[in-house]
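Engineer: fold the following, please.
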Amino acid sequence: MYKIEIDGRAGFCGGVKRVIRLAEQNLSQGKTVKSLGDLIHNDPEINRLKQQGLQIVEHNVLEQKVEDGDVLLIRAHGEPPITFEMAAEREISLIDGTCPVVTKSQKIAREAYLRGEQVVIVGKKFHAEVKGIIGHCDGKAQAIMSEEDLKDLRLDPNLPVFILAQTTISPQDFQKGVEWIRNLGFQVRVHDTLCRFVTGRDKDLQEFSAAYDVILVVGGHKSSNTKYLHSVCKSINPNSYHIEDETEIDFHWFDGIHSIGITGSASTPPWMLEQIKAILEHQLNGKHSLEEGVSEIVQS
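Structural biologist: You can find the predicted model right below:
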């Protein structure tokens, strides 16, 4: 028999719980809810919400007035001010689901920009959160995620540089970015805007990874948080695998082993972790029919 257990600290962060709750509350009231881009980086959870009526739309929806009664949901990653301005002009009803941690980062970056500092975000320049923060600096902030990105930086050597982080990158990546800019000879001020839900899991996750023969990290392939948590697990346990759903499980991973740990990122719904466990219990331990197990999960 295999020992199969779920990480007790895995699952949604507060920001993701909040935006999903906002979506479900408005959908349950019969409203047409349109999410401006994917609500979270998790396709199975997006598909679940689509079945409840959620629609995913792109920014071109802001170029026209939506139907009366429709609401546009801002995802946890946040948006630049222009999004809110365009919605107001076209009388589009907005639900602001921006994560409070991201809202704080936007405010910190804006204040630094207004002080005359050059704002640099260590993060992916095309990530929704980073684009939103850049927008709060009137498009003047810049982003780097690799040493190669330094060649595209346009910085005035006579002005101070203010550095902050995309909330979901790793502390190691943030520190690297800070050192790259320091090594260019700039006077820098650093504000650590990393999400503590993400960075605070490191120690527990390392212990969890060491306690099992194989680790499954469940989360979207577009999720920075999932990629980071997978790297933490793999640094401790080489038999750590990043999967988005049950279709990506390779049962050869479990040959000759005795225990499996299942964890997930801040955008991984608890029902997915339970579903993965039920499938493994069925396939490896022969417990209850798969249909019964999955049915119990959906009903709960």
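Engineer: low-confidence bits of this structure, can you list those?
Structural biologist: By pLDDT under 70, the low-scoring segments of the chain are 65-69, 288-300.
Engineer: checking the residue located most distally from the centre of it next. Helix, strand or coil?
Structural biologist: Most distant residue from the mean C-alpha position of the chain: residue 158, 35.7 Å away (C-alpha atoms, centre = their mean). In three-state terms, and counting by DSSP: H, G, I helix; E, B strand; the rest coil, residue 158 is coil.
Engineer: show me where the stretch 101-250 of the chain has its helices.
Structural biologist: 128-135, 171-182, 196-199, 202-210, 224-236 (DSSP state H, counting those that start in this stretch).
Engineer: what does the last one contact?
Structural biologist: Contacts with helix 224-236, where a contact means C-beta atoms under 8 Å, 6 or more residues apart in numbering, come from 41, 124, 127, 166, 168-170, 198, 201-202, 205-206, 208-210, 215, 217-220, 240-242, 263-268. (Each C-beta comes from the backbone N, C-alpha and C, glycine too.)
Engineer: narrow those to just the buried residues.
Structural biologist: With burial judged by 16 or more other C-beta atoms under 10 Å, the buried subset of the contacts of helix 224-236 is 41, 124, 127, 166, 168-170, 198, 201, 205, 208-209, 215, 217-220, 240-242, 263-268.
Engineer: how many neighbours does residue 226 have?
Structural biologist: Number of residues near residue 226 (other C-beta atoms under 10 Å) recorded here: 26.
Engineer: check residue 48 too.
Structural biologist: Applying other C-beta under 10 Å, we find 16 other residues in the vicinity of residue 48.
Engineer: tell me which element it is part of?
Structural biologist: Following DSSP states H and E, the helix or strand that holds residue 48 is helix 43-51.
Engineer: buried residues, that helix. List them.
Structural biologist: 44-46, 48-49.
Engineer: nearest to residue 91, of these?
Structural biologist: residue 49 (25.1 Å; C-beta to C-beta).
Engineer: could you look up the SS state of the nearest residue to that closest one once chain neighbours are set aside?
Structural biologist: Nearest residue to residue 49 in three dimensions, chain neighbours excluded: residue 23, at 5.9 Å (C-beta to C-beta, 6 or more residues apart in numbering). Under three-state DSSP, residue 23 falls in the helix class.
Engineer: residue contacts, residue 23?
Structural biologist: Taking C-beta under 8 Å, 6+ apart, we find residue 23 in contact with 33, 35, 39, 49, 54, 73, 97.
Engineer: repeat for residue 141
Structural biologist: Residue 141 makes contact with 109, 113, 119-121, 133-134 under the criterion C-beta under 8 Å, 6+ apart.
Engineer: before we move on, what about residue 136?
Structural biologist: 80-81, 106-107, 109-110, 113.
Engineer: just residue 260 next, same as before
Structural biologist: Contacts of residue 260 by C-beta under 8 Å, 6+ apart are 2-5, 212-216, 254, 280.
Engineer: does it have any beta-bridge partners, and if so which?
Structural biologist: residue 4, residue 214 (DSSP bridges).
Engineer: of the contacts of residue 260, which is the nearest to residue 151?
Structural biologist: Nearest to residue 151 among the contacts of residue 260, with distances taken as C-beta to C-beta, is residue 215, at 37.2 Å.
Engineer: in contact with the closest residue to that closest one other than its chain neighbours: list those residues for me.
Structural biologist: Once flanking residues are discounted, residue 215 sits nearest to residue 240: 4.1 Å by C-beta to C-beta, 6+ apart. By C-beta under 8 Å, 6+ apart, the contact list for residue 240 reads 209, 214-217, 230, 233-234.
Engineer: mind redoing it with 10 Å?
Structural biologist: 209, 212, 214-217, 229-234, 253, 261, 263 (C-beta atoms under 10 Å, 6 or more residues apart in numbering).
Engineer: where do the strands sit along the stretch 201-300 of the chain?
Structural biologist: Counting by DSSP state E, counting those that start in this stretch, the stretch 201-300 of the chain has these strands, from start to end: 214-218, 240-243, 259-264.
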